[in-house]
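Visitor: need the 3D shape of this:
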Amino acid sequence: MVHGRKPNWERRQRILKLRERGLSLPEIGRRLGVTFQCVDRTLRKMADEWPRSVPCAGCGEDIVSAGAVASDHGLALCLSCLAKRPNVPFGQRLRAVRLAGLTRAELAARCGWNAGNIQEYEMNRSNPKWPAIVRLIRVLGIGLVALGFEDLPDLPPRNGHVKKPNKPR
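Guide: Here you go, the predicted model:
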């Protein structure tokens with residue numbers, strides 16, 4: 001069941017045209033017979049609906065993704081550039097694979113974390129431990145770590161126990 005009114009496409013187009021001419025929100029509202037808050041809300045809603053993009057740091061092509069944010073600018077790689085660069089840090093690989101289809105919040109929810117964890121990993125401020133890497137692989141697939149194992153942490157000992165050296169007799 002759909003809630004709310006259907007979008008008024010004609011009003012949206014008129015708002016865009018008036019905004020392109022440099023009119024203020026209150027002036028647009030007066031001309032259309034609505035409040036400036038309505039104009040502001042309409043513009044924000046339209047901005048959220050449009051696909052976001054960031055340029056690939058490798059080839060310069062746009063990476064169109066709902067998960068693209070300003071901090072990805074200049075740091076994101078498209079998947080084809082990622083495949084050509086096996087020594088990319090883990091955080092940059094994570095960002096590239098996430099931008100292929102998820103927002104930070106969606107990825108965090110699927111992993112059972114908050115978005116701050118994902119951001120810390122992507123910015124290389126924090127290195128994930130193996131349990132976190134396994135969760136990310138389950139959500140994103142093996143492509144996350146298929147290239148460049150150099151910066152991943154060492155594997156934990158089997159069964160999580162460190163074998164103690166024998167005491168001399």
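
Visitor: got the CA positions of stretch 13-30 in CSV?
Guide: Output in CSV follows, covering the C-alpha atoms of stretch 13-30 (Å, rounded to 0.1, in the frame of the first residue of the first chain):
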residue,chain,number,x,y,z
GLN,A,13,9.9,20.7,-13.2
ARG,A,14,8.7,24.3,-12.5
ILE,A,15,10.7,24.4,-9.3
LEU,A,16,13.8,23.3,-11.1
LYS,A,17,13.4,25.8,-13.9
LEU,A,18,12.9,28.7,-11.4
ARG,A,19,15.8,27.6,-9.3
GLU,A,20,18.1,27.5,-12.3
ARG,A,21,17.1,31.1,-13.0
GLY,A,22,18.5,31.9,-9.5
LEU,A,23,15.3,32.6,-7.7
SER,A,24,15.2,32.1,-3.9
LEU,A,25,13.1,29.5,-2.3
PRO,A,26,10.5,32.0,-0.9
GLU,A,27,10.2,33.6,-4.3
ILE,A,28,9.6,30.2,-6.0
GLY,A,29,7.0,29.4,-3.3
ARG,A,30,5.2,32.7,-3.9
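
Visitor: list the buried residues for whatever helix or strand residue 28 lives in?
Guide: Applying DSSP states H and E as the criterion places residue 28 in helix 25-32. Using 16 or more other Cβ atoms under 10 Å as the burial criterion, the residues of helix 25-32 that qualify are 25, 28, 29, 32. In short, each C-beta sits where N, CA and C put it, glycine included.

Visitor: for whichever helix or strand comes after it, packing partners?
Guide: Going down the chain from helix 25-32, the next helix or strand is helix 36-49, by DSSP H and E. Judged by 3 or more Cβ pairs under 8 Å, 6 or more residues apart in numbering; DSSP states H and E, the packing partners of helix 36-49 are helix 9-20, helix 25-32.

Visitor: before we move on, back to that, could you dump the buried residues of helix 25-32 to a markdown table with pLDDT?
Guide: A markdown table is the format used below for the buried residues of helix 25-32 (pLDDT from 0 to 100):
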| residue | pLDDT |
| --- | --- |
| 25 | 93 |
| 28 | 94 |
| 29 | 94 |
| 32 | 93 |
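
Visitor: from the residues you listed, which is closest to residue 108?
Guide: Taking Cβ to Cβ as the measure, residue 108 lies nearest residue 25 of the buried residues of helix 25-32, at 33.7 Å.
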